[in-house]
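Visitor: Here is a sequence with its predicted model. Questions after.
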Amino acid sequence: MTQLPTWPQRVLQAAAIYNLLWGTWVVLFPNHWFDLTGIPHPNYPGIWQCVGMIVGVYGLGYWWASRDFAKHWPVIAVGFLGKIFGPIGFLQSVIQGALPWSWGWMILTNDLIWWLPFGAMLYLAFKKHSDPQQRAADSGKQAAEPWSLADANTLARTAQGQTIGQLSSKKDVLLIFLRHAGCTFCRETLDELRKSRPSWEQHGLQPVVVHMGSNEQGLQMMGQYQLDDCPVISDPECRTFRAYQLPRGTWRQLFGLRIWFEGFKAAILKGYGFGKLVGDGFQMSGAFVVRDGRIIAAYPSKDAADSCSWKPALQAMILMSFLFVGWASRPAIAQSTGPVPGPMPNSEVSVSNSQGVKAMADGEISQIQQGDRVEFATDLQTVQTWTIDVHSQRGIGGFTLRRRSTKWPENLLVRIHTKGLEQVRLVIGPKSLQETATTIYSGEYGTTSLKEIWSEIQQHTDAKGETKTTTRQVNLAPRVPSPGTAYKSLRLMDASGKELEKKRIPLQEGEYFQWTVPNEWLAKQNPEVVQIQWVDFFRG
């Protein structure tokens, strides 16, 4: 259940003492404040004394509420409303000339300084009571036991009685978690999923939606977006959310400026509107690629406005449908049409054999997809720089890179010749079908600007066959000649190999993305084999 801080108790006790002192002062000396501000005494001081009595009684309520502010939140809510309406009434009186501006000092100490802590306490109380485990405790029921990932895949069932494990054994599953049915971003998610039907149907993918409402609400929700044939899982206790390690959101993730801006666009400009809150409004969403009950890729939402986190998951499924399945399959023969930027001076360029494998003294590239062209060059003077040029027709592709030397070079440059770059990934492991640990470094970029966001995804399967996935944001270690210069692994280059001064996407003919794979990622495990994958948002 939600753990609460202790500062609200001290704040409420301070508010109680203040109210009691202020109320006593007004009751005993009703004309004192009028003398201090230089206005005539009231004709009926008893009315002003009644105000002091009411404020003092509020103090008793605050002291009582300090024992458990989340339980006694209505007391705080009533006080908070009074602290909002008080300043409004003061402004009206000032405008009408009934009160001087000097009375604003009383408004400051009585009302304004309490807005932030009282608002924060109500937020924390709402967050606690929105937690499904807390709701069960409040109703006198025993909280449901948490599920492991294996439990979720075998116990969580769709409205038709199917499990995630059963569905993912037949098709790759795109598992989409929604925040709640009334969320405008979740409505956008379902609408975008409907629009993308040709893509996931073409590749034989199966979307499965997990929500916090009842089965009836889920079926009705899917019907509104013409997704009746997509399985839905009702999870009001959020056990499947927890099993897939989707957390509850922070203030910034739920109410930050970006959320308000994107919410206005989705609800008003795009017309998705708002609905009734169903379930835990603090629960974050996300999307996962599941195959045979194992998580292949995880895409937890960054914030509430990250409504289509399933899109990169869908792209990854399309990509991994021919990358991960074919560990032992015959690689496609690489294309060789079109010019390639010339090799670096004093370099050796690889050649392709009849298997589509590009081999040279220090490394080897294989599993090049049909329609892609990959060229491999090594600096012969230092043997510390490998340069790989990639030309991708489909915009979604990848290859396997194997080192033959004892360690990876100091510089691994991947020059990706696409119009845009939505995502690039470095996959380390598994080395074989028996391997259990996989590390994925996944970078995402804006569609119109070059903004790197890197995540490290760790996947491990234990002896029971349960796959655990953890995701964390990673920062790149500085590798710059002079301090104070921001390090970036991705640069936009022109046809001559110089960095573009003006960053604009899509790229023009001859321009390309140059990705310097962070050396520390390779040195950490020194794997023999890695995979490099990319997705171009201008693909096709």
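Guide: Ah, there it is.

Visitor: what helix or strand is Ile416 on?
Guide: Using DSSP states H and E, Ile416 maps to strand 411-417.

Visitor: Adjacent strands (with direction) for that strand?
Guide: Take DSSP bridges as the rule and strand 411-417 pairs in its sheet with strand 385-391 (parallel), strand 512-516 (antiparallel).

Visitor: Out of the ones you listed, which is closest to Leu60?
Guide: Shortest distance between Leu60 and these, using Cβ to Cβ, is found for strand 512-516: 64.6 Å. C-beta here means a position set from N, CA and C on the backbone, and glycine is covered the same way.

Visitor: For that closest one, buried residues please.
Guide: Buried residues in strand 512-516, counted by 16 or more other Cβ atoms under 10 Å: Tyr512, Phe513, Gln514, Trp515, Thr516.

Visitor: again with stretch 384-392
Guide: Thr385, Trp386, Thr387, Ile388, Asp389, Val390, His391, Ser392.

Visitor: For beta bridges, what are the partners of the first one?
Guide: Beta-bridge pairing of Thr385, defined through DSSP bridges, involves Asn411.

Visitor: from memory it sits against Pro409, does it?
Guide: Yes. Applying Cβ atoms under 8 Å as the test, Thr385 and Pro409 come out as touching, 5.9 Å apart.

Visitor: The stretch 201-350 of the chain: strands as residue ranges?
Guide: For the stretch 201-350 of the chain, the strands identified by DSSP state E, counting those that start in this stretch occupy 206-211, 232-234, 286-291, 294-300, 347-349, in order along the chain.

Visitor: Kindly reformat those strands as a markdown table containing distance to Ile88.
Guide: Putting the strands of the stretch 201-350 of the chain into a markdown table (distance: least, Cβ to Cβ, whole Å) gives the following:
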| stretch | distance to Ile88 |
| --- | --- |
| strand 206-211 | 39 |
| strand 232-234 | 43 |
| strand 286-291 | 41 |
| strand 294-300 | 41 |
| strand 347-349 | 74 |
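
Visitor: The helix or strand encompassing Glu375 pairs with which strands?
Guide: Element membership of Glu375 [criterion: DSSP H and E] is strand 373-379. For strand 373-379, the pairing partners within the sheet under DSSP bridges are strand 347-349 (antiparallel), strand 385-391 (antiparallel).

Visitor: Same list (those) but as a markdown table, adding distance to Ala298 and mean pLDDT.
Guide: Formatted as a markdown table, the entries for the strands paired with strand 373-379 read as follows, by distance: least, Cβ to Cβ, whole Å; pLDDT from 0 to 100:
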| stretch | distance to Ala298 | mean pLDDT |
| --- | --- | --- |
| strand 347-349 | 38 | 46 |
| strand 385-391 | 25 | 88 |
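
Visitor: Of these, which is nearest Ile268?
Guide: Nearest of those (Cβ to Cβ): strand 385-391, 41.6 Å.

Visitor: pLDDT below threshold where in the protein?
Guide: Counting by pLDDT under 70, the chain contains low-confidence residues at 1-2, 135-143, 307-361, 378-383, 430-436, 445-451, 462-467, 477-487, 539-540.

Visitor: tell me the centre residue of it?
Guide: The C-alpha lying nearest the average C-alpha coordinate of the chain belongs to Lys302 (Cα atoms, centre = their mean; 1.5 Å).

Visitor: pretty sure that one is touching Gln253, no?
Guide: Yes. At 7.4 Å, Lys302 counts as touching Gln253 under the criterion of Cβ under 8 Å.

Visitor: how far out from the middle of the chain is the strand holding Glu375?
Guide: Computed by Cα atoms, centre = their mean, to the nearest Å, the separation of strand 373-379 from the middle of its chain amounts to 35 Å.

Visitor: just stretch 495-508 next, same as before
Guide: 29 Å.

Visitor: ok, back up a step: could the strands paired with strand 373-379 go into a markdown table alongside distance to Trp521?
Guide: Shown next, in a markdown table, are those (distance: least, Cβ to Cβ, whole Å):
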| stretch | distance to Trp521 |
| --- | --- |
| strand 347-349 | 24 |
| strand 385-391 | 15 |
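
Visitor: Ile54: which of those is closest?
Guide: The stretch from these with the least distance to Ile54 (Cβ to Cβ) is strand 385-391; that distance is 73.0 Å.

Visitor: Give me the packing partners of the following helix or strand past that closest one, helices and strands only.
Guide: Using DSSP H and E, the helix or strand that follows strand 385-391 in sequence is strand 396-403. Using 3 or more Cβ pairs under 8 Å, 6 or more residues apart in numbering; DSSP states H and E as the contact criterion, the elements in contact with strand 396-403 are helix 310-323, strand 363-366, strand 385-391, strand 529-535.

Visitor: Return the last one as CSV; C-alpha atoms alone will do.
Guide: What follows is the C-alpha trace of strand 529-535 in CSV, where atoms were taken according to Å, rounded to 0.1, in the frame of the first residue of the first chain:
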residue,chain,number,x,y,z
VAL,A,529,28.0,-11.2,-30.4
VAL,A,530,25.6,-8.2,-30.4
GLN,A,531,22.7,-7.1,-32.5
ILE,A,532,22.1,-3.6,-33.8
GLN,A,533,18.5,-2.7,-34.8
TRP,A,534,16.8,0.5,-36.0
VAL,A,535,13.4,1.9,-36.8
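
Visitor: which outside residues touch that strand?
Guide: Counting by Cβ atoms under 8 Å, 6 or more residues apart in numbering, strand 529-535 makes contact with 312, 315-316, 319, 323, 367, 388, 390, 392, 395-403, 414, 416, 418, 421-428, 431, 517, 522, all of which sit outside it.

Visitor: Please, a PyMOL command that selects the buried ones among those residues?
Guide: Here is the PyMOL command that picks out the buried ones among those, judged by 16+ other Cβ under 10 Å:
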select buried, resi 312+315+316+319+323+367+388+390+392+395+396+397+398+399+400+401+403+414+416+418+421+422+423+424+425+426+427+428+517+522
